[in-house]
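Visitor: how would this look folded up:
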Amino acid sequence: MKRKLTIALVTVLLAIMLVWSTGCGRGNVAASPSPALTPVTTPKLSPMVTQSAAPAVSPAGSPGMSPGTSPAGSPGGTIEGFVEGGQVDPAKVPDVVAAVENKYPDSTIKTITYALYNTEQVYQVELEGKNANMEKVYVRADGTIVENAANG
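Guide: Numbers count the residues shown, from 1 in each chain. I've put the predicted structure just below:
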């Protein structure tokens with residue numbers, strides 16, 4: 001009988017300790033709600049469309065760029081040996097001479113100098129003859145004539 005009493009006492013003590021260790025015996029513990037699970041939805045993605053256009057270059061040039069230089073992506077690029085106002089030997093720029101003679105066949109080239117046109121390095125060609133009213137024509141290194149209101 002003593003043995004049954006000891007087993008009963010140990011069982012009761014274990015039950016009390018179990019209840020006490022889980023916090024139920026403390027009195028001020030409220031049951032916490034289980035977290036609410038909400039479905040996660042992802043927005044529908046539309047395909048990205050990119051356009052490959054030339055970068056916009058402001059007329060004032062780009063920061064970190066020294067005056068008189070054209071950005072690498074500009075239509076004319078940079079002209080080797082460019083010195084604004086410097087004279088150019090026509091024999092050294094045959095593409096420029098050919099473009100001007102083709103567009104203005106009744107004129108002759110008076111001078112060719114290095115010039116800046118809207119921060120772009122170009123050749124400024126002065127004409128004589130029938131098109132003297134268009135005394136200055138701007139041409140890129142590749143022979144492209146820069147169109148503007150004065151020579152359009």
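Visitor: Quick check: Val97 is in a strand.
Guide: No: counting by DSSP: H, G, I helix; E, B strand; the rest coil, Val97 falls outside a strand, being helix.
Visitor: wait, what's in contact with it?
Guide: Residues near Val97 by CB atoms under 8 Å, 6 or more residues apart in numbering: 90, 109, 112. C-betas here are computed from N, CA, C, even on glycine.
Visitor: so who does the first one touch?
Guide: Shown here is Pro90, whose contacts under the criterion CB under 8 Å, 6+ apart are 96-97, 109, 112.
Visitor: which residue ranges form the strands in this protein?
Guide: Under the criterion DSSP state E, the chain carries strands at the ranges 107-117, 120-129, 136-139.
Visitor: so what secondary structure elements neighbour the first one?
Guide: In terms of contacts (3 or more CB pairs under 8 Å, 6 or more residues apart in numbering; DSSP states H and E), strand 107-117 is packed against helix 94-103, strand 120-129.
Visitor: Also the shortest one?
Guide: When contacts are defined as 3+ CB pairs under 8 Å, 6+ apart, strand 136-139 packs onto helix 94-103, strand 120-129.
Visitor: Return the most buried member of these.
Guide: Highest mean neighbour count of the helices and strands packed on strand 136-139: strand 120-129, a mean of 20 (counted as mean count of other CB atoms under 10 Å).
Visitor: What helices and strands are in contact with that strand?
Guide: helix 94-103, strand 107-117, strand 136-139.
Visitor: The first one vs strand 120-129, what angle?
Guide: If you take axes from the mean of the first three to the mean of the last three CA atoms, to 10 degrees, helix 94-103 sits at 50 degrees to strand 120-129.
Visitor: Just the CA atoms of helix 94-103, as PDB, please.
Guide: This file holds the C-alpha atoms of helix 94-103, laid out as PDB (Å, rounded to 0.1, in the frame of the first residue of the first chain):
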ATOM      1  CA  PRO A  94      38.300  63.400 -99.800                       C
ATOM      2  CA  ASP A  95      34.900  62.300 -98.500                       C
ATOM      3  CA  VAL A  96      34.100  65.800 -97.400                       C
ATOM      4  CA  VAL A  97      35.200  67.300-100.700                       C
ATOM      5  CA  ALA A  98      33.300  64.700-102.700                       C
ATOM      6  CA  ALA A  99      30.100  65.300-100.600                       C
ATOM      7  CA  VAL A 100      30.200  69.100-101.100                       C
ATOM      8  CA  GLU A 101      31.100  68.900-104.800                       C
ATOM      9  CA  ASN A 102      28.300  66.400-105.300                       C
ATOM     10  CA  LYS A 103      25.600  68.500-103.500                       C
END
